[in-house]
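# sequence isn't available, so here's the structure alone:
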């Protein structure tokens, strides 16, 4: 990898694509001057948008793709027939060495399926996982898997711990992250067999990071650990429950300020502080879910984000490349005996 | 059942027992004048506390128990050796017809194990479940199972739907509650086999309430449905994640008000409205998890609650008895063919 980083962007993915992708690229290239972009999608449409973003043109190269993945395309079908889509071509550029990583705000299932097929799993990784990070009482926490794997065995959970540790180190800059395994209690006797076995392995194996044992649902928002490891079903439910609860409480607070004349006056005084809070917990600052465990960097942006949020997702890809997360991941996974627990089928979810 | 309702209280369970139990009983008997209490525990200690609660003595009968369940007692051991505990004796009073229901703020695992052993499962119920309710954007929602069953098959989930429907009807007073099955997506293809099968059954069987299909994590706080059905692992994680996230955002808001001089001034104006919000989302108003599917009403209070919270848990038991929830549950479960899906072993979690 040269000092210059090249990111492939699926310009046609996302509710407001390609606008947010092109505008997002322009925000990102100001933040990261050593980056250039390959923009995949409708050449004419993209060229017009690029021309409106002052200074962007010398940082991008447009590569035409005649098709795009639709939000309701079935992953199983689109991997067979979608070779002309902007998503497929953007991913393929990583495989062919034209780019160092890919970012898309398109259909999650399709992106995961295509990335698995084109980039392939890293050697030693049984199941790639989706990881993301969010604000907590103590700072920021990484959680995985967020939905790639509905059912997981102990080996999968151990792999997630290794991958999440690298992600926390690379993206959040945490040295020796602490790792917790999500369960319904902290006692060793809690949970199913896969969880108990994974806990034993994480305690016994000499892996990077510090395994602290089981954590519970409320330990996620409290930031009790830097990395929360769980199966994709539980992780997906927990993340969405947390997001929904944050929206609920924020709605309660807004309503409270509108509740009475005096509360409205109070809001006028407190507004600058609340604006700061809003910006601190702005979901656009936490946009960018990483597909970990592939031969290449692939980041999924929220489909409904704007240019600022898309630029954050680009930043996740850039950090992963700049700090060589994939190489670190390879090194760490090699420390794991490939024979551990395989074949076996205790299932965590 | 006569018009007079008798509730057995495990006076020794809870962080601040027996004080909160006795004081809670006094709050509850003012709210529900037709109720009397059997207080199980240390006779002398309880008598002294009762004498301090003006007017309570004529509504209570103290029944001595020489032992109590400790918070760290193992359920498997305590069911064998705990016959002299206040918890065991309180539960037994329901079985023997001395009381109509029992409330305890003690060790959850022990309470569940003892209640299962003493009260036994309702005929037709394979797995009793823990249900609770909490505030949402649209009102209040019931969720179950919250931790009694780590792994569930389709039949279990169908039973939870039937029981949750009765709970929402009885405790929240909702006619024809809507029911959703918690999953990682709303499409029919999402989730594991047990979830898909449960969805098919809930759609096809003519059960009470309205089954709306799959719901996701963020549908819990938004109040998309009246009853959220899930396995005990996912339900436990989701509930604790929601509670923790609510605490996190509340902490952010508090911090924001302290952030600057002007924000502090703003708080003075908005304080009465925020006090109202605090009282509306006060966890003590949502205290009382019900063990559904037993021959008798058994309610678990949070261990850390105070007298007001404990009185709420007593209220849950009273509503369940007054509106004859157990009989309704029996009637509804009889409509379910006992042979459905049994034996089979597709596991939801």
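Structure's in. What do you need? Model, not experiment: these values are computed from the prediction.
# can you list contacts of the helix or strand bottoming out on mean pLDDT in chain A?
Lowest on mean pLDDT, DSSP states H and E among the helices and strands of chain A sits helix A:261-280, with a mean of 87. Defining contact as Cβ atoms under 8 Å, 6 or more residues apart in numbering or on different chains, one finds that helix A:261-280 is touched by A:135, A:256-258, A:285, B:252-253, B:255-257, B:259-260, B:262-263, B:265-274. (C-beta placed from N, C-alpha, C; glycine too.)
# at 10 Å instead, please
Helix A:261-280 has contacts (Cβ atoms under 10 Å, 6 or more residues apart in numbering or on different chains) with A:135, A:250, A:253-258, A:260, A:285, B:249, B:252-253, B:255-274, B:276-277.
# which stretches of chain A have low pLDDT?
The model of chain A has pLDDT under 70 over residues A:1-2, A:338-349.
# again, 50 this time
Applying pLDDT under 50 to chain A flags the ranges A:1, A:343-346.
# any chance you could map the helices in it?
All helices of chain A, identified by DSSP state H, fall at A:19-31, A:43-52, A:75-81, A:86-95, A:108-119, A:154-171, A:193-204, A:219-222, A:232-258, A:261-280, A:307-322, A:325-334.
# nearest the middle, which residue of chain A would you pick?
Note on chain A: the residue nearest the mean C-alpha position is residue A:289, at 1.2 Å, using Cα atoms, centre = their mean.
# that one and residue B:125, how far apart?
Applying Cβ to Cβ, to the nearest Å, the value for residue A:289 to residue B:125 is 40 Å.
# what does residue A:218 give?
Distance, residue A:218 to residue B:125, by Cβ to Cβ: 30 Å.
# ok, residue A:70 next?
Going from residue A:70 to residue B:125 by Cβ to Cβ gives 45 Å.
# which one's more surrounded, the two?
Between residue A:70 and residue B:125, counted using other Cβ atoms under 10 Å in any protein chain shown, the more crowded position is residue B:125 (22 against 15).
# which ones are touching the more buried one?
Counting by Cβ under 10 Å, 6+ apart, residue B:125 has contacts B:156, B:159-160, B:162-163, B:292-295, B:329-330, B:333, B:336.
# for the residues you listed, which one is nearest chain A?
Taking Cβ to the nearest Cβ as the measure, chain A lies nearest residue B:156 of the contacts of residue B:125, at 14.7 Å.
# could you count how many residues lie near the closest residue in space to the closest one that isn't next to it in sequence?
Nearest-residue entry for residue B:156: residue B:127, 4.9 Å, with adjacent residues in sequence omitted and distances by Cβ to Cβ, 6 or more residues apart in numbering or on different chains. Neighbourhood size, residue B:127 [other Cβ under 10 Å]: 22.
# residue A:222 now?
Neighbours around residue A:222, by other Cβ under 10 Å: 19.
# repeat for residue A:193
Using other Cβ under 10 Å as the criterion, residue A:193 is surrounded by 14 other residues.
# repeat that for the one 5 residues further on.
With neighbours defined by other Cβ under 10 Å, the count for residue A:198 comes to 30.
# isn't it right next to residue A:156, touching?
Yes: with contacts counted by Cβ atoms under 10 Å, residue A:198 reaches residue A:156, the gap being 8.3 Å.
# outline the domain layout of chain A.
Domains of chain A are assigned by automatic domain parsing as A:1-119, A:127-284+A:325-349.
# who wins for neighbours among the contacts of residue B:125?
Within the contacts of residue B:125, residue B:160 tops the neighbour count with 34 neighbours, counted by other Cβ under 10 Å.
# ok, it - contacts?
Residue B:160 touches B:125, B:127-129, B:131, B:143-145, B:148-149, B:152, B:167, B:179, B:181, B:198, B:227-232, B:235, B:292-293, counting by Cβ under 10 Å, 6+ apart.
# what about 6 Å?
Listed by Cβ atoms under 6 Å, 6 or more residues apart in numbering or on different chains, the contact set of residue B:160 reads B:129, B:144, B:145, B:229.
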